[in-house]
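# curious how this folds, go ahead:
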Amino acid sequence: MTQNAQILFPVNVSEPFDYAVPDGMDVARGDFVFAPIGKQVKLGVVWSVGQAATLTQKGEPRVLKDIVDVKATRPLSPDLIDFLAWTASYNGAPVGNVLRMVMRNYKALDPSPIVTLYEPTGEVLQSLTPARRAVLREGGPFPARASEIAARAGVSAGVVKGMVKIKAMRAIDGPVDAPFETPNPDLPSRELTQSQIEAGEDLAAQVRKGDFNVSLLDGVTGSGKTEVYFEAAAEALRRGQQVLVLVPEIALTQAGLSRFKERFGAEPAAWHSAMGEAPRRRVWREVAQGRAKLVVGARSALYLPFPNLGCIIVDEEHDTSYKQDEGVIYNARDMAIVRGKISGHAVILASATPSLESLHNARTGKYAHIVLPERPGAITLPEIALVDLKDNTPEKGDFLSAPLIQAVGDVLERGEQAMLYLNRRGYAPLIICRNCGEKLKSPDTDSWLVEHKATGRAMCHLTGFSMRMPKRCPTCEAEDGLTAVGPGVERVAEEAMRHFPDAKVEVFSSDTAGNPNAIAERLARMAHGEIDILVGTQMVVKGHNFPHLTFVGVVDGDLGLAGGDPRAGERTYQTLVQVAGRAGRADKPGHALIQTHQPDHEALIALAAGDREMFIGVELAMREMLGLPPFGKLAAVIISGPEFKKVEALAAKFVKLAPRAKGIEILGPSEAPIGRLRGRFRWRLFIQAEAQVNLSKYMSVWQSKLRPPSKYKIQIDIDPQSFM
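Okay, the predicted model is just below:
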């Protein structure tokens, strides 16, 4: 009997297709194969091998197309295939789209091309020309292609090649994509405290078990969590396994590489969205071949084809940037735990402010709970106080209260640094016309344009739309009628410069950060004390260590409490703990002031009291009473399309088709807070389920009942993190 195989292609399909395996061809699960689909031959993956149905639905003999060829490359591992299938099923995504997250660069499936590389011979030669001296001085790292060396040295490639004749350089054959250095797990670590040593040994012991387990590394800001989880990474490396460290965003990816090199003697393979095709190809290939042993990356690194993964570490596990909100919607923290379970290895979640879900799992024994309750040495946590803006109103047109200004002044007088935190990019979040009241919006989105004074532009932070800041109102054409309302970081920086004209003030946000090298350079200047006042958004929160920073001022502590997000209190508490924790490193005590109109909010009261347990107790009690995570489950549905009335009708029709089930409550539909995005109108509804309900399966059955018309979309989000 002819063998058949089920081939999945990295396209928008919900299942693999059946193909015949020609006589003499051997295929196995995970193989990359070429097969005809439509009028083309495309690359896919053998999802399974077995017998397909022999008859069509009409009872006629079924004729299958043949697989064309098997690609000579390492197959995907069975556990990765199982993980991709689980990701698709749980998150309600087409499995072909999940496979596409893995197969992004087909060239990575081929061995690296071999080219001529050049490196210095080490011979000391007299009377070299200035160009040749530049090659030796500035052309590295070696070995490299002549064109790369020449570009770095500012000379022609002919100069590099000519140096072979005088024996200053040698030519060798080597791969275009060089392998990564092998990390050494036995290099000495930084000097650790006794509690850090014990925590590191606990984590290493979890790795040594050689099976699935989850640990929550729960340590206050500055407690040395990174050095502790390095011990777990080292244990996996000693066992010959690969290690993946997930980090929230590119800024932390770049800034943290030097710490890994210090500990393991080699830079890890880095993976993030800003990488070019060549670096991505290199990382993917080296990971797939098992040669890249240590990988540090953003959330999509979870879908790299590791054949021998021994440990996943999720740093800042509470961070919302682990949630992918477009395309395949998933939470990388949760999927990391699933990948660990399927592959049978340790998963470590690390945070100074763990999510309540993770904390609940640790306290109920589902996860191991490893606590670092203090900073090493004599370093203490910063004192946090609230500034009630009802009693300390800033001057008209200003946003910094007198206590905040006084605190910054005191810090600067001592030669220390201050940070002002506001999670709003740009100069002002709203541009309004004083004459007609019109608010500037993106032309295809119900989102206010944000003024960016530094660039002279008005931008939409949801879609990226940008235009020159108009001189007259687009509606009434009144000149000089447009005015900025509210503060962004640029406006706060402008105010800080006015109060402290002799201080060096800089803004640090995604608009001003620049490329990874520029980010690293700015962080280094801050660490070396070359910036007096850093005004930043959430980019300043991500684990940076500034030894001379002793004061943090939060301009608007209420910003995250607005709206209907059930996690608003938790996120506000997490963010403010993290940002306040930037103060008081090294041997200098720190303090923080939080400006607020709601000093009686439980999250802010707990912050000021330094009483995390009080906040956790109140928040968990509220969640349990309302049936919210971790005591219940949530899903969201966004229904979108080009015509408002049709989207509204589609939403109503979808709700009528909801399956009847116990323990399920459906809220909505209603127009989304951002009712139009990129020209598409949006309606939403929420589904709340009891903890024992299989909500993913319920949503899958419901979604299968209605196929939306062309150009209309029903998007499912399991465990939503955004409520816009």
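
# when you work out contacts or count neighbours from here on, use the C-alpha atoms and nothing else.
OK.

# and the strands in the stretch 251-400 of the chain, which stretches?
Listed in chain order, the strands of the stretch 251-400 of the chain (DSSP state E, counting those that start in this stretch) span residues 269-271, 294-297, 309-315, 323-324, 330-331, 346-351, 368-372, 383-388.

# now the longest strand along the chain: how far from the chain's centre is it?
The longest strand of the chain (DSSP state E) is strand 664-677. Distance of strand 664-677 from its chain centroid, counting by C-alpha atoms, centre = their mean, to the nearest Å, is 26 Å.

# helices or strands up against the helix or strand that it is followed by?
Moving toward the C-terminus from strand 664-677, the next helix or strand (DSSP states H and E) is strand 680-690. The helices and strands touching strand 680-690, judged by 3 or more C-alpha pairs under 8 Å, 6 or more residues apart in numbering; DSSP states H and E, are strand 632-641, helix 644-656, strand 664-677.

# returning to that earlier point: relative to residue 447, which of the strands of the stretch 251-400 of the chain is closest?
Residue 447 lies closest to strand 323-324 among the strands of the stretch 251-400 of the chain, at 20.7 Å (C-alpha to C-alpha).

# sheet partners, orientation included, of the closest one?
strand 330-331 (antiparallel) (DSSP bridges).

# the partner strand - what's its average pLDDT?
Over the span of strand 330-331, the pLDDT mean works out to 96.

# let's number from 30 now, not from 1
Sure thing, new numbering starts at 30, so read that last one as strand 359-360.

# still on that earlier bit, got the strands of the stretch 280-429 of the chain as a markdown table, with distance to residue 749 and mean neighbour count columns?
Output for these, formatted as a markdown table (distance: least, C-alpha to C-alpha, whole Å; neighbours: other C-alpha atoms under 10 Å):
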| stretch | distance to residue 749 | mean neighbour count |
| --- | --- | --- |
| strand 298-300 | 25 | 22 |
| strand 323-326 | 23 | 24 |
| strand 338-344 | 19 | 28 |
| strand 352-353 | 8 | 18 |
| strand 359-360 | 9 | 23 |
| strand 375-380 | 20 | 26 |
| strand 397-401 | 26 | 19 |
| strand 412-417 | 31 | 20 |
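
# which one of those strands lies nearest to residue 75?
Short answer: strand 338-344, nearest of the strands of the stretch 280-429 of the chain by C-alpha to C-alpha, at 21.5 Å.

# how far off centre is that closest one?
15 Å.

# that strand packs against which elements?
Applying 3+ C-alpha pairs under 8 Å, 6+ apart, we find strand 338-344 packed against helix 254-267, strand 271-275, helix 361-372, strand 375-380.

# out of those, which gets nearest to residue 345?
Among the helices and strands packed on strand 338-344, strand 375-380 sits nearest to residue 345 (C-alpha to C-alpha), with 4.6 Å.

# how far away from the center of its chain is that closest one?
The answer for strand 375-380 is 16 Å, by C-alpha atoms, centre = their mean.

# pull up the pairing partners for it, direction included.
Applying DSSP bridges to the sheet, strand 375-380 is found paired with strand 242-248 (parallel), strand 338-344 (parallel).

# quick one: closest of those to residue 148.
strand 338-344 (34.0 Å).

# between the closest one and helix 361-372, how big is the angle?
160 degrees (axes from the mean of the first three to the mean of the last three C-alpha atoms, to 10 degrees).
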